[in-house]
Each structure stands twice: as structure tokens, then as C-alpha cells.
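Undergrad: the following block contains a protein sequence and its predicted model.
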Amino acid sequence: AQSVSQHNHHVILSEAASLELGCNYSYGGTVNLFWYVQYPGQHLQLLLKYFSGDPLVKGIKGFEAEFIKSKFSFNLRKPSVQWSDTAEYFCAVSAHNTDKLIFGTGTRLQVFP
Amino acid sequence: DVKVTQSSRYLVKRTGEKVFLECVQDMDHENMFWYRQDPGLGLRLIYFSYDVKMKEKGDIPEGYSVSREKKERFSLILESASTNQTSMYLCASSSRRQVLGGYTFGSGTRLTVV
């Protein structure tokens, strides 16, 4: 069965600091990978996704993620965070050609001015 | 431009009550999903549906059922609510024609069972 691990449960940063949130998945086959964001009081939104091709994918608001197949990882990065990035971030995986997403437990990011 | 609408933002129900959570999407999506979101546990899939009158169990279906009588509507039913079903419930939909398009989520229903 698929599973997703997010080891950082709560991250606190100052504005302009660099961000990297870890995501590891467990699945033997080809996968599709996603990062979703939930801003306070808002619904979940898609940040970026990977299904094939260039393992470095760019999303909205300056976020990017790198798929490293050998490490079963899909870490989210941003070179310089802003206070408005304060949110909860969820990594998710689906098996190739399916649409059933399995989510990680989420990482709460707090950015202080 | 709300696309996935969950009928209630907050609900308080008593133990043993039958509870209906409604979700409607206006994007003509084939796929619909119900998750519950709990602190420290992330989102866990309860049930999903790939077509009208079709349903499949997710990872935590116990104590829940669903109904999909129309393409745009997917209802989650708690047959006999219990306090451990106090949670945030999220509905999502996606298009079969755009499998990798990701989900569109509703705003959620925060259910408290007392």
C-alpha cells in the first residue's frame, strides 16, 4: 500500500529564510506527486505536481519541488519565504494512471516578519 | 467562483444521530472524494466515487456510507454519529479527462459530535 511521510511537523522561519520541506513516499511503481497548501481559513489548493519529465518542477508563488526517484522523495523548496507563506503544506501521491490521492500528515509552516 | 460547495461550514450533532454531509461540484467532474482531516494525521480517505451510483471504500470507511445519485452531488452519511467522528470533513472532485489536474477541494465541514 502507498504511504507518504512528512517528517517536519512544524517549521518556524523568519522572512527571507530558505525553506525545504521533506516528503518521502512508499510505493513500488510509477507515481504522480503533488504538493497542496492550506492557508489559514482557506481550502486546500494545488501548489505543484509531477508526473513525468524534468524532475524539478516549478509551482505557484515561487515554490519548486524535486523528484528524486532513488530516494523516493519529493521535497518542496522556496529560496526566500514571506510572511504570507504561513500555511499548512501537504504532500500527496497517487499511483500512475489513478486518481486516488494519499496524503501525508502535513507540515505547519509559520513565517515571522 | 465557488466550484466545490459543502452545504455546512459548521455542524454540531448528538451521539447516535444520523448525519448527512452534502457536497456539490459544478465542474462536471466524474470523480468525487471524501476525506477527513485531523491534526497530526493529515487527510485520510473515507470513500470515493468515479461515477454516478458507484462508490469505493477508502482507507477509513468504518462508520460511514456515501451516496452518489447525481454526477454533481456526493453525500457522506454518518449512520450513527460518535464522538470519534468529530473532525473536519473535506470533499474534493477531479476530472477523469485530466487525471493529473489535481483535486478541487471544498471549504470543509467542521463536525462536532457531542
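TA: Received, thanks. Note that the structure is predicted; figures quoted are calculated from it, not measured.
Undergrad: which strand residues bridge residue A:50?
TA: Taking DSSP bridges as the rule, residue A:50 bridges to residue A:33.
Undergrad: now do it against residue B:64, distance only.
TA: 31 Å (CB to CB, to the nearest Å). Every residue, glycine included, has its C-beta placed from N, CA and C.
Undergrad: how about residue 53, phi and psi?
TA: Picking chain A for this. phi 90, psi -150 (degrees, to the nearest 10).
Undergrad: not quite, I wanted chain B
TA: phi 60, psi 10.
Undergrad: give the closest residue to it in space, chain neighbours not counted.
TA: Leaving aside its chain neighbours, residue B:53 sits nearest to residue B:68 (6.1 Å; criterion: CB to CB, 6 or more residues apart in numbering or on different chains).
Undergrad: my guess is the one you found contacts residue B:55, does it?
TA: Yes. With contact defined as CB atoms under 8 Å, residue B:68 reaches residue B:55; the gap is 6.2 Å.
Undergrad: quick check: neighbours shared by the two?
TA: Shared contacts of residue B:68 and residue B:55, defined by CB atoms under 8 Å, 6 or more residues apart in numbering or on different chains, are found at residue B:49.
Undergrad: helix or strand with the lowest mean pLDDT in chain B?
TA: strand B:104-105 (a mean of 93; mean pLDDT, DSSP states H and E).
Undergrad: interface residues of chain B facing chain A?
TA: Within chain B, the positions adjacent to chain A are B:4, B:31, B:33, B:35, B:40-45, B:48, B:50, B:58-59, B:90, B:92, B:94, B:96, B:99-100, B:102-103, B:105-108 by CB under 8 Å from any CB of the partner chain.
Undergrad: from these, list just the buried residues.
TA: B:4, B:31, B:33, B:35, B:42-45, B:48, B:50, B:58, B:90, B:92, B:94, B:99-100, B:102-103, B:105-108 (16 or more other CB atoms under 10 Å in any protein chain shown).
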